[in-house]
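pasting the structure only:
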C-alpha cells in the first residue's frame, strides 16, 4: 500500500467492488471510505470504512485493516491502525469499520490525513478490495 502525501498529494480509488462468478461465493461486496475528520465523541481524528454486501447468504464475515496516515509537512507517517472482523449482512445494510478502532489510539493533532483500508472475507479468503480516502486537512479543536 503506497500513499504519497505532502508535495504531491494523491489518492487512490474511493470505492472497491468484489463480484464473484458461479464458482465463487454467492455474494458481492463493496467497500468505501469516508473522509478523515475530527470526532468529538471519539476525541480523535478518525475515518470510517463502510462495507455493503448483497447475496444469497444472510451474512458474511468481513475483515478490514485500516491505516490512518498523516503529514504535517514532512514525510507521511502512520497515525493509527485498525484490524477488525464483523459479520456483514447481505441485505445491502452498510457496516462501519473505524480507524483507529473504538478504544484505540487517539489522534489528537492537526495535519493532512489520508485513510486506506484493505478488506477480505476471512472464511473464504476472498479479496473484497481496497478503499482510500482523499487527503484532507483536519484541524483539531
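On my side now, so go ahead. Worth saying up front: this structure is predicted, and the values here are computed from it rather than measured. Numbers count the residues shown, from 1 in each chain.

Find the nearest non-adjacent residue to residue 113, please.
With Cβ to Cβ, 6 or more residues apart in numbering as the criterion, residue 113 has its nearest non-adjacent residue at 3.9 Å, and that residue is residue 36. Every residue, glycine included, has its C-beta placed from N, CA and C.

Likewise for residue 26?
Distance criterion Cβ to Cβ, 6+ apart; nearest residue to residue 26, sequence neighbours excluded, is residue 56 at 4.2 Å.

The one you found and residue 137, how far apart?
44 Å (Cβ to Cβ, to the nearest Å).

Equivalent analysis for residue 102, please.
In terms of Cβ to Cβ, residue 102 sits 25 Å off from residue 137.

and residue 49, how many residues sit next to it?
By other Cβ atoms under 10 Å, the residues close to residue 49 number 28.

Confirm for me that it is in contact with residue 32.
Yes. With contact defined as Cβ atoms under 8 Å, residue 49 reaches residue 32; the gap is 7.3 Å.

what sits against the residue nearest to residue 113?
Shown in contact with residue 36 (Cβ atoms under 8 Å, 6 or more residues apart in numbering): 45, 46, 47, 68, 113, 114, 115, 133, 136, 138.

what do you get if the cut-off is 6 Å, keeping everything else the same?
Each residue near residue 36 by Cβ atoms under 6 Å, 6 or more residues apart in numbering is listed here: 45, 47, 113, 115, 133, 136, 138.

which residues of this structure fall in helices?
Shown for the chain, no helices are assigned by DSSP state H.

So, low pLDDT: which residues of it?
1-25, 123-125 (pLDDT under 70).

mind listing the strands in the chain by residue range?
Under the criterion DSSP state E, the chain carries strands at the ranges 15-19, 27-33, 37-39, 44-71, 77-99, 111-121, 126-132, 136-138.

quick one, phi psi at residue 75?
Per-residue torsions, residue 75: phi -70, psi 150 (degrees, to the nearest 10).

Check the gap between it and residue 69 for me.
10 Å.

same check, this time on residue 114
For residue 114 relative to residue 69 (Cβ to Cβ), the value is 5 Å.

Looking only at neighbour counts, state which of the two leads.
residue 114 (27 against 21).

Good, wrapping up.
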